[in-house]
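Peer 1: 3D model of this:
(chains A and B)
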Amino acid sequence: MKGLFNKIIEVNLNDRTHQIIEIADEIYENYLGGRGLGVKLFTDRVSPTVEPLSPDNKLVFTIGPVTGTSVSTSGRMSLVTKSPLTGTIFYSNTGGIFGFSMKRCGIDGIIIEGKSEKPCYIIIDGDKGVKIKDAEELWGLDTEETYDKLKEIEGEKVHTLEIGPAGENQVLLASIMNDASRAFGRGGVGAVLGSKNLKAIAVINGKQKTEVDNPELLKNYAKSALDKIKALPVTRAALPLFGTAGVLHVTNSLGMLPIRNFTYGQHEKAPLIGGEAIRKEILVKTEACYGCTIRCGRLTEAGSMKGKGPEYETVWSLGANCEIFNLIKITQANYHCNKLGLDTISMGVTISCAMELQDKGLFPYEEVKFGNEDVLSELVIKTAKKEGIGADLAEGSKRLAEKYGDAETAIHVKGLELPAYDPRGAMGHALGYATSNRGGCHLTGYMAAMEIFNAPKKIPRFTLGGKPDLLVLKQNQSAVEDSLVNCKFSGYALGFDYQARFVSAITGLDFNVTRLLEIGERIYNLERVFNIGAGFSNEDDKLPERFETVPFKEGLSKDRVVPINEMLSAYYNVRGWDENGVPKKEKLEELGLK
Amino acid sequence: MKIDKETFNSFDLVGKDLSNRGYNSSHAGNLSMKSGGKIIITRRSAMLGWLQPEDLVIIDLEEEDAHSGLIASTESNVHRNIYKHTDAMAIVHAHAPATTALSMIEDEITCIDGEGMFLYKKIPIVECDIPVGSYEVAEKVAPALQNYPAVVVRAHGVFAKGVTLEDALGVLTGVEQAADIIYRVKLLGQPLKRDYSKEKGFTNW
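Peer 2: The predicted structure follows:
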């Protein structure tokens, strides 16, 4: 299919061999690329019951038809694997430039299976082909050191996906970093790489150009999209000026910024760690992914340290949710997470879970208490090393809370820690958490965009009527955006019809909105079927109890709880699933799934 | 399935707004939204400016049922077909006068004002032998709404989609505003000093 190369590299680390496999057009027409292609290739090859950290688990890295084109925000790529943190299928995506660079090598993805006897890395060289090389000298290095070392070995223009010590030690919160800057952050995907003794994947010297069916038309659409991105205040001003952490000012004012492990919804000190404070106090310069004009990335300096971030989710998870409002300390802990290769959301929420356990007298470490900013970086470092208390934290909040006798203290769905939008403040977003195929994720449906930011459309945040229907639409749309692969932030400015225009101009095929939504639905159902095979059921589509029973007492989200069961039955009905949340046979047949 | 108060309030607000604008005669126009895998739609000949709870009817999303045939809006088949084939979550239909007038002399509405160009660029016009309530309308309107937020049925009126009723109302009133400006410019009888639509590649839109 135009826009792609129909080629995937399949690497077996057991014997360090690789082969190029051809992918039929039909697969792309039904799954596009990115997440959809990854889910299809993964579920065709891996049993739902596979042990995530065993050699039998696979990782599928893919790009999509939009990746690296003239479309702004298209510098992204996708990963699919089975998560050791959640036990679900796990899709993740990252920005930066790696996706574009891989596409320039003339491949649409790489499937990795097996386990190398010794540490290794994979180099995809546009001139010299694919090699699997020893990485013993890289093992033990942090992500920045790894990136620097690989530049030294392979050349200055190399781009890398790498794990830090957290991934090597198979910490369940480990991320895969991208040029030591961006991340496949969530779900412990770094531990999967670590379990295979695979330190990094590198690309260099790609020179191939992607064939676009109608470059003039694509240019026209891309220009129009850019006009909108430059006009909407969210993408024109808020994200460039304040980064994602600008969001904190809004969620705090709406009373839905989780504080003290989701106990309160706002805090008077919150602005001290928001995007405005970052801009004023620690920003060195803004940064962008490949081809993006929004520039939401931050290069910052905190004390004697310098690094990337922090994002909104990070200032919240390592900050507000731990009742810590020292921007320097939070940012330094964020740098440690990036260097060691840890997901800042799950890391922070696991720490706040430990703090609540300590508050309840269930956790034996006195220093781990709400508001103690001096303990943050130390806990992050110990987690990456699985050292002392870090060995407990390395398992994530669900296992931690279960071990210390109060499972409800863990704020998660399906084992994945919830992000920085309290579900009591937005009902559709809450239902999105409960029904996300990868667990407590804000981006699988991202109803917050409409319920909070009115972008691209406004919907009332507390209304229940129609929310299941809207969420299904958004989840299917997101599956498509993740498959093209395009950034969620462009969705603030653009209607979904733009995605249809982009992919039609690139491929020359008629991908109208309806056809794209059917593809999104197919992807979502295939993920659900995999999860059911892995042992998940409607019992797992739930929120932590406090969201259903304990309202906030103050703020603009007070007196609200989430009637999750009421929405859930309607959601299953809209999805064409039975009352147990299992896709009906006729729904699967309609989507061409067995 | 019951219709909650907030949902009724949305229908009431949008109906009153349309009525106040004079986009419909007293008993014309129709509104609907998807909810729980069904469609909530206004009753046939409901007065949109004075909606009562019993003016909202729940009909099946997939096929004709008793309610849709007996008491739901004449255009219920059009709404259903739009939901089945587009990403619409709510639909507003009205006989907006400037848009309807332009549909009789144009083949598409190409926006010439800044707001219209930014939001819509072009709005398609479809022509039907029976322009009200027919299966032909249902079959022609739905495909046009796949990649556009609104469509005009020649000599009849506008169907606008949105994620909520208020959103669809915003589209419909925005299209009417853009059409009204074209209408007024035509009345002035002067050529445009600068035709932005020709600079922005709208012909490929």
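
Peer 1: Kindly confirm whether my reading is correct that residue B:77 touches residue B:141.
Peer 2: No. Judged on C-beta atoms under 8 Å, residue B:77 makes no contact with residue B:141 at a distance of 10.2 Å. The way it works is simple: take the backbone N, C-alpha and C, and place the C-beta from them, glycine included.

Peer 1: Looking only at neighbour counts, state which of the two leads.
Peer 2: residue B:141 (27 against 20; other C-beta atoms under 10 Å in any protein chain shown).

Peer 1: Against which helices or strands is the strand or helix carrying the more buried one packed?
Peer 2: Take DSSP states H and E as the rule and residue B:141 turns out to sit in helix B:135-144. When contacts are defined as 3 or more C-beta pairs under 8 Å, 6 or more residues apart in numbering or on different chains; DSSP states H and E, helix B:135-144 sits against helix B:76-85, strand B:122-126, strand B:150-153.

Peer 1: Out of these, flag the one nearest residue A:151.
Peer 2: Closest to residue A:151 of these is strand B:122-126 (C-beta to C-beta; 48.8 Å).

Peer 1: Let me know the angle separating the closest one from helix B:135-144.
Peer 2: 160 degrees (axes from the mean of the first three to the mean of the last three C-alpha atoms, to 10 degrees).

Peer 1: got the CA positions of strand B:122-126 in CSV?
Peer 2: Output of strand B:122-126 as CSV, limited to C-alpha atoms (Å, rounded to 0.1, in the frame of the first residue of the first chain):
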residue,chain,number,x,y,z
LYS,B,122,-17.3,23.8,1.6
ILE,B,123,-20.7,22.4,2.3
PRO,B,124,-22.1,19.9,-0.2
ILE,B,125,-25.5,20.1,-1.7
VAL,B,126,-27.4,17.0,-2.7
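
Peer 1: follow-up on the earlier one: list the contacts of the helix holding residue B:141.
Peer 2: Helix B:135-144 is contacted by residues A:512, B:75, B:77-78, B:80-82, B:84-86, B:124, B:126-131, B:151, B:153, B:156, B:159 when judged by C-beta atoms under 8 Å, 6 or more residues apart in numbering or on different chains.

Peer 1: hang on, residue A:390 packs against residue A:368?
Peer 2: No. With contact defined as C-beta under 8 Å, residue A:390 does not reach residue A:368; the gap is 11.2 Å.

Peer 1: if you count what's nearby, which of these two comes out ahead?
Peer 2: residue A:368 (22 against 19).

Peer 1: ok, that one touching residue A:358?
Peer 2: Yes. Shown here, residue A:368 and residue A:358 form a contact pair, counting by C-beta under 8 Å, at 5.1 Å.

Peer 1: Pick out the residue closest to the middle of the chain.
Peer 2: No chain was given, so I picked chain A. Centroid-nearest residue in chain A, with C-alpha atoms, centre = their mean: residue A:92, separated by 4.5 Å.

Peer 1: um, chain B though
Peer 2: residue B:159 (2.1 Å).

Peer 1: Residues of chain A that sit close to chain B?
Peer 2: A:216-217, A:220, A:223-224, A:227-228, A:231, A:450, A:457-460, A:463-466, A:468-470, A:473, A:477, A:495-497, A:500-501, A:512-514, A:517, A:570, A:573-574 (C-beta under 8 Å from any C-beta of the partner chain).

Peer 1: From the residues you listed, which land in strands?
Peer 2: Judged by DSSP state E, strands contain none of the residues of chain A next to chain B.
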